[in-house]
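Engineer: here is my input; please provide its structure:
(one chain, ligands or ions: 2)
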Amino acid sequence: MKFGMMFKDVSGALFKKPFTENYPAEPTETPDRLRGSLVWDPDSCTGCGLCARDCPAMAIEIEVIDKKAKHYQMTYHIDRCTFCGQCVESCNQGSLVMEGGEWELASLSREPFTEVGERPPLVVEETE
Ligand code: SF4
Ligand code: SF4
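Structural biologist: Ligands and ions are numbered 1, 2, ... in the order given. From the prediction side, this is the model:
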């Protein structure tokens, strides 16, 4: 490349807006269909365990604490999740979604990568 041409390119680039994004200093827009981390709705969950069975990464554990009282616990290992969406497909109750909101998941410790949620036991009233 001739010096003159190179000078033209370099000087032109000085006054152009950069193509790169200034992330994370400036938040970037989340694409509509981006799969973020799982959000579990304990109220609609039946504790069937299909999500855990079908997860190829073994990222979900469902523990049935009391079947009669519909008392379940879900453990989600975000650091194992590949964000494939299989669990969302498998859940026939619509209890799992991968909303785009939660995707900035970097951390310096492993602690935030395990989420434990619990469906509280139903209070069954005693009939006399
Ligand atoms: S998105 Fe895929 S890898 Fe992540 S928990 Fe669901 S099934 Fe498992
Ligand atoms: S598949 Fe759905 S209903 Fe069944 S345990 Fe998982 S979240 Fe609950």
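
Engineer: what about the strands in this protein?
Structural biologist: 39-40, 60-66, 71-77, 96-97, 114-119 (DSSP state E).

Engineer: partner strands of the third one, with direction?
Structural biologist: Yep, that's strand 71-77 we're talking about. Using DSSP bridges, the strands paired with strand 71-77 are strand 60-66 (antiparallel), strand 114-119 (antiparallel).

Engineer: alpha carbons only: can I get that strand in PDB?
Structural biologist: C-alpha atoms of strand 71-77 as PDB (Å, rounded to 0.1, in the frame of the first residue of the first chain):
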ATOM      1  CA  HIS A  71     -44.000 -29.000  48.100                       C
ATOM      2  CA  TYR A  72     -41.100 -28.900  45.600                       C
ATOM      3  CA  GLN A  73     -37.600 -27.500  45.400                       C
ATOM      4  CA  MET A  74     -35.800 -26.600  42.300                       C
ATOM      5  CA  THR A  75     -32.000 -26.200  42.000                       C
ATOM      6  CA  TYR A  76     -30.700 -24.600  38.900                       C
ATOM      7  CA  HIS A  77     -27.000 -24.800  38.100                       C
END
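
Engineer: is it true that residue 64 touches residue 45?
Structural biologist: No - in this structure residue 64 lies outside contact range of residue 45 using Cβ atoms under 8 Å: 10.5 Å. All C-beta atoms are positioned from the backbone trio N, CA, C, and that covers glycine.

Engineer: identify the contacts common to those two.
Structural biologist: residue 72 (Cβ atoms under 8 Å, 6 or more residues apart in numbering).

Engineer: between the two, tell me which one has more neighbours.
Structural biologist: Taking other Cβ atoms under 10 Å, residue 64 and residue 45 do not tie; residue 45 has more neighbours (21 against 15).

Engineer: contacting residues for the spatially closest residue to that one that is not a sequence neighbour?
Structural biologist: Once flanking residues are discounted, residue 45 sits nearest to residue 95: 4.3 Å by Cβ to Cβ, 6 or more residues apart in numbering. By Cβ under 8 Å, 6+ apart, the residues touching residue 95 are 40, 41, 42, 44, 45, 46.

Engineer: ok, residue 65 next?
Structural biologist: 71, 72, 73, 118, 121.
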